[in-house]
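In: here is my input, please return the structure:
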Amino acid sequence: MPPDAFDLARDVLPRVPRRLDHPIGAIGAGFIMRDVQLVAYREAGFQVSAIASRTPAHARAAAAARGVPTVHDTVDELLADPGLEIVDIAVPPRVQLEVVRAAVRQPHLKGILAQKPLAPTLGEAAEIVRLCEAAGVTLAVNQNMRFDPGIRALRTLLARGDLGEPVLATIEMRAVPHWQDYLAGEERLTLLNMSIHHLDAFRFLFGEPERVFASARSDPRTTFAHRDGIALYVLEYASGLRAAAWDDVWAGPDDAARDDHIRWRVEGTAGIAQGTVGWPSFPAREPSTIDFALRGGGWQRPRWPYAWFPDAFAGPMASLMRAIEDGGPAEDVDGRDNLGTMALVEACYRSLDEHRAVAPVRLSRCRTPSPPAPPTER
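Out: Numbers count the residues shown, from 1 in each chain. Below you'll find the model as predicted:
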């Protein structure tokens, strides 16, 4: 298979909406919104019309830096702005339900993009989904690793059956996240706020596992009290597939010797794929990669200039816009489907408590993702 066997528009980059000018209101002006999402939206040509933050000065600074024309003094004022169609919520998980509850009361709002984690607990996440469904508002969750170019290319290999039956999948992260100040005092840390990316990627690629076993210890570098610092987990699938990750947020005591990275590998009965995610190098834009070798052939190494941060952050918003245009759920980032990821996170915490493998809760009407279907012929 030649390296150009991937179609950028279908297999690597998000499908674009018919319109790019759906007016967006941004809620929150911290790092993710100011330095990642607004940058990605500007590069994608999306229209961010207004911004608000709990700290108005932060909103004004973000607006000035990223060219947002209107700054509202309060979140309620932004939600009431009749010129908006979509709100993009980037607030701490514990207050996201409160913002969604206020947003769904506004008749002019058609869509909500909510940050991951959707809530601190599965119960609160389910309430957010219920509120949006009852109001007829399309909910998408910003599980942006699903739009990392290497992960999307890997999903195409799996969908086409190029790797055969998946046997073993691994993600290795050795990197020190910037834990935002709002996490201090929260009981849940790595599994909820970092591992959720990898747990969700496993669901995106392989569907629902039968069980998960998790183990965690505290991180020596993180000074505030926390339950889960360094986290390891194994997902067991009915097919026999085992998917495992270790999220090492310690990465060693010497900053000069840490070798920060995120690497993944999938071994199948007919081929191997492996790749890297360039996030630990941010703000430098280090493109994500994929290499693959099929039975009887050598390594193929297609390359693109796209990275997880910030490029992948346009994907969830594009998906939400298409859902508003066409009706139905947001492809790949549907709010109800995300309850499956939240259930997997909950199962990890229960596994920590009970020191055993735990089956995730199967919520009624939760869309259970199946292994990806083959793409249409070019």
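
In: which secondary element of the protein has the worst mean pLDDT?
Out: helix 31 (a mean of 94; mean pLDDT, DSSP states H and E).

In: right, and the helix or strand after it?
Out: Per DSSP states H and E, helix 31 leads on to helix 38-44 as the next helix or strand towards the C-terminus.

In: run through the neighbouring helices and strands of that following helix.
Out: strand 48-52, helix 56-66, helix 314-326 (3 or more C-beta pairs under 8 Å, 6 or more residues apart in numbering; DSSP states H and E). For the C-beta atoms, the positions are set from N, CA and C on the backbone; glycine is no exception.

In: quick one: which of those is nearest residue 137?
Out: helix 314-326 (9.8 Å; C-beta to C-beta).

In: show me the protein divided up by domain.
Out: Domain assignment for the chain by automatic domain parsing gives 12-144, 148-311+334-354.

In: adding mean neighbour count and distance to residue 324, write these out as a markdown table.
Out: Output for those, formatted as a markdown table (neighbours: other C-beta atoms under 10 Å; distance: least, C-beta to C-beta, whole Å):
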| stretch | mean neighbour count | distance to residue 324 |
| --- | --- | --- |
| domain 12-144 | 20 | 5 |
| domain 148-311+334-354 | 19 | 13 |
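
In: hmm, residue 220 is touching residue 250, no?
Out: Yes - Residue 220 lies in contact with residue 250 (C-beta atoms under 8 Å); the separation is 6.0 Å.

In: which neighbours do the two have in common?
Out: residue 229 (C-beta atoms under 8 Å, 6 or more residues apart in numbering).

In: returning to that earlier point: of all the domains of the chain, which lies closest to residue 327?
Out: domain 12-144 (8.7 Å).

In: neighbouring contacts of the least confident helix or strand of the chain?
Out: With C-beta under 8 Å, 6+ apart as the test, helix 31 has contacts from 178, 180.

In: excluding sequence neighbours, find me the nearest residue to the residue positioned nearest the centre of the chain.
Out: Closest to where the C-alpha atoms of the chain average out (C-alpha atoms, centre = their mean) is residue 143, at 1.9 Å. Of all residues not flanking residue 143 in the chain, residue 200 sits nearest, at 4.8 Å (C-beta to C-beta, 6 or more residues apart in numbering).

In: distance of that neighbour from residue 145?
Out: 7 Å (C-beta to C-beta, to the nearest Å).

In: about what we covered before: export the domains of the chain to a markdown table and tack on distance to residue 323?
Out: Below are the domains of the chain laid out as a markdown table (distance: least, C-beta to C-beta, whole Å):
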| stretch | distance to residue 323 |
| --- | --- |
| domain 12-144 | 5 |
| domain 148-311+334-354 | 8 |
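
In: run the chain-centre distance for the helix or strand harbouring residue 231.
Out: Using DSSP H and E, residue 231 falls within strand 230-236. Computed by C-alpha atoms, centre = their mean, to the nearest Å, the separation of strand 230-236 from the middle of its chain amounts to 18 Å.

In: and the gap between the residue lying farthest from the centre of the chain and residue 270?
Out: Farthest-out residue of the chain from its mean C-alpha position, per C-alpha atoms, centre = their mean: residue 296, at 34.6 Å. As judged by C-beta to C-beta, residue 296 and residue 270 stand 9 Å apart.

In: where does the prediction get shaky in the protein?
Out: Scanning the chain for pLDDT under 70 picks out 1-4, 363-378.

In: that one: helices as residue ranges?
Out: With helices called from DSSP state H, the chain shows them at 31, 38-44, 56-66, 75-79, 93-103, 122-135, 149-160, 190, 196-206, 314-326, 335-354.

In: which secondary structure elements does the third one sit against?
Out: Under the contact definition 3+ C-beta pairs under 8 Å, 6+ apart, helix 56-66 sits against helix 38-44, strand 48-52, strand 70-71.

In: among the ones you listed, which comes closest to residue 354?
Out: Of the helices and strands packed on helix 56-66, nearest to residue 354 by C-beta to C-beta is helix 38-44, at 39.7 Å.

In: only alpha carbons, please: show the closest one as CSV.
Out: The C-alpha trace of helix 38-44 is given here as CSV (Å, rounded to 0.1, in the frame of the first residue of the first chain):
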residue,chain,number,x,y,z
LEU,A,38,-9.5,30.0,19.3
VAL,A,39,-6.3,29.5,17.3
ALA,A,40,-7.7,26.3,15.7
TYR,A,41,-11.0,28.0,14.9
ARG,A,42,-9.3,31.0,13.3
GLU,A,43,-7.2,28.7,11.1
ALA,A,44,-10.3,26.7,10.1
